[in-house]
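Colleague: Based on what follows, work out the 3D shape:
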Amino acid sequence: MYPSPGVSAHSDGNEATAPVTPNVWAEHSVWPQDPGFATALAGGVTSLQVLPGSANLIGGRGVTLKNVPATTYQAMKFPGAPWGLKMACGENPKRVYGQKGGPSTRMGNVAGYRAAFAEAAEYMKKRKAGGKEAEGKRDYKNDTLAGALNGDIRVHIHCYRADEMATMLDLAKEFGFKISAFHHGVEAYKIADRLAAEGVCGALWADWWGFKMESFDGIQENIALVDRVPGGCAIVHSDSEEGIQRLNQEAAKVIAHARLAGIDIAPERAIRWITANPANAMGILGQTGTLEPGKMADVVVWNGNPFSSYAQAEQVYVDGARLYDRRDPARQPVSDFMLGQSAAQGGAR
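Modeller: This next block holds a predicted model:
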């Protein structure tokens, strides 16, 4: 949810007023003028999943966008894409809320999830039963959680450690919801077989690790090990305005490190980490993510092997329209925010 440039006025990613805020929707913090959309387009990104931040146990609804220049977020929303639900486990909720009344421990985190979903399950029960109990005012918090419980909203969880991912999988079984993907998941390789068996994707970094305790056991073969299990769903994702511009190079790092470990990955398989697999996790594989008749014509034309560090996206098509062309300045979108910036920098001091 954080645009680039990142300034406090645009710090709209975490509704850090309560640990459980499923009533907030990421789309209401989207800034269509964010220059990051254009730089991502130049890197070949045609669709994006935008999620709230990771301060909260349950942060709110995420939104899927087409990477098209627009004045409003409504004009960017991916037609028919399901909402996501952003959750977070581990250190972040403890750090943010430990001095605000909790949770302050991992067991407090889990108690918070369970209380929220138990309330939502009771809300659903009353709504289905009808009668006076169902006639009260609409509860947007429980509406979102109910959507996750009945499968209409896809659950995405910020989670680093294997043991905590296993706990979240147990939580999902307890309440009957499906986890679409674990995000970051630096220890996903430790439970790659369970993730594959339960149809859960890992939206993972190529080599970020070690910057806090829960990221201590990260390895550079993580994505390759998640991918190699039959049925595994590995995704190369980004958590930065820089990384989103070169997801192809991040994938190339994984190929290289896997090769050093004796794992050869064909480029035809690796390309799925930034195409079909993320589309699957986002619930839009029926419309995009692969080049097939009847799908949206979201196409990137590279000037060479996309896994080369020298590769650049020459042309990017969204819904068949050429929105970006490296050789045609008329097809290099510029946000309203950037218009006049060069002149302003050269003006009066």
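Colleague: where does this protein have low pLDDT?
Modeller: 131-135, 342-349 (pLDDT under 70).
Colleague: could you redo the last one with a cut-off of 90?
Modeller: Residues of the chain meeting the criterion pLDDT under 90: 1-8, 10, 127-138, 239-240, 336-349.
Colleague: which is the next helix or strand following the longest helix anywhere in the chain?
Modeller: Determined from DSSP state H, the single longest helix within the chain is helix 106-129. Per DSSP states H and E, the first helix or strand lying C-terminal to helix 106-129 is helix 140-149.
Colleague: What is the longest helix of the chain packed up against?
Modeller: Counting contacts by 3 or more CB pairs under 8 Å, 6 or more residues apart in numbering; DSSP states H and E, helix 106-129 is packed against helix 91-97, helix 140-149, helix 162-175. Placement of C-beta: from N, CA and C, glycine included.
Colleague: Let me know the angle separating it from helix 140-149.
Modeller: 90 degrees (axes from the mean of the first three to the mean of the last three CA atoms, to 10 degrees).
Colleague: circling back to that earlier point, let's have the helices and strands packed on helix 106-129 in JSON lines, adding distance to residue 125 and mean neighbour count.
Modeller: Below are the helices and strands packed on helix 106-129 laid out as JSON lines (distance: least, CB to CB, whole Å; neighbours: other CB atoms under 10 Å):
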{"stretch": "helix 91-97", "distance to residue 125": "27", "mean neighbour count": "20"}
{"stretch": "helix 140-149", "distance to residue 125": "10", "mean neighbour count": "21"}
{"stretch": "helix 162-175", "distance to residue 125": "13", "mean neighbour count": "17"}
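Colleague: hmm, back to that, how far is the longest helix of the chain from where the chain is centred?
Modeller: 24 Å (CA atoms, centre = their mean, to the nearest Å).
Colleague: what does stretch 209-225 give?
Modeller: Relative to its parent chain, stretch 209-225 has a centroid offset of 18 Å by CA atoms, centre = their mean.
Colleague: follow-up on the earlier one: now distance to residue 253 too, for the helices and strands packed on helix 106-129, in CSV please.
Modeller: Shown next, in CSV, are those (distance: least, CB to CB, whole Å):
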stretch, distance to residue 253
helix 91-97, 25
helix 140-149, 33
helix 162-175, 22
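Colleague: what's the closest of those to residue 9?
Modeller: helix 91-97 (20.5 Å; CB to CB).
Colleague: contact partners of that closest one?
Modeller: 14, 16, 19, 54-57, 103-106, 108-109, 112, 158, 160, 212-214 (CB atoms under 8 Å, 6 or more residues apart in numbering).
Colleague: Then stretch 314-329?
Modeller: Applying CB under 8 Å, 6+ apart, the set of residues contacting stretch 314-329 is 41-42, 44, 46, 66-69, 296-303, 312-313, 331-333.
Colleague: Of those residues, which belong to strands?
Modeller: Using DSSP state E, 66, 299, 300, 301, 302, 313 are the members of the contacts of stretch 314-329 that sit in strands.
Colleague: Identify the residues contacting the fifth one.
Modeller: If I follow you right, that is residue 302. 44, 248, 311, 312, 313, 314.
Colleague: ok, now the third one?
Modeller: The contact partners of residue 300, taken as CB under 8 Å, 6+ apart, are 44, 46, 306, 313, 315, 316, 317.
Colleague: Identify the bridge partners of it.
Modeller: Beta-bridge partners recorded for residue 300 (DSSP bridges): residue 316.
Colleague: circling back to that earlier point, can you give me the buried ones in the longest helix of the chain?
Modeller: For helix 106-129, a neighbour-count test (16 or more other CB atoms under 10 Å) marks 106, 108-110, 112-113, 116-117, 120-121, 123-124, 126-127 as buried.
Colleague: now the angle between helix 162-175 and it, please.
Modeller: 20 degrees.
Colleague: circling back: closest one of the ones in strands among the contacts of stretch 314-329 to residue 220?
Modeller: Distances from residue 220 to the ones in strands among the contacts of stretch 314-329, taken by CB to CB, are shortest for residue 302, at 24.0 Å.
Colleague: for this protein, what spans make up the helices?
Modeller: For the chain, the helices defined by DSSP H cover 36-42, 91-97, 106-129, 140-149, 162-175, 192-197, 222-228, 247-260, 267-270, 276-282, 341-345.
Colleague: Tally up the residues packed near the residue nearest to residue 21 when sequence neighbours are not counted, please.
Modeller: In space, and not counting its chain neighbours, residue 21 is closest to residue 15: 4.6 Å by CB to CB, 6 or more residues apart in numbering. Neighbourhood size, residue 15 [other CB atoms under 10 Å]: 18.
Colleague: same thing with the one 3 residues further on?
Modeller: Neighbour count for residue 18, taken as other CB under 10 Å: 15.
Colleague: What of residue 71?
Modeller: Residue 71 has 10 neighbours, counted by other CB under 10 Å.
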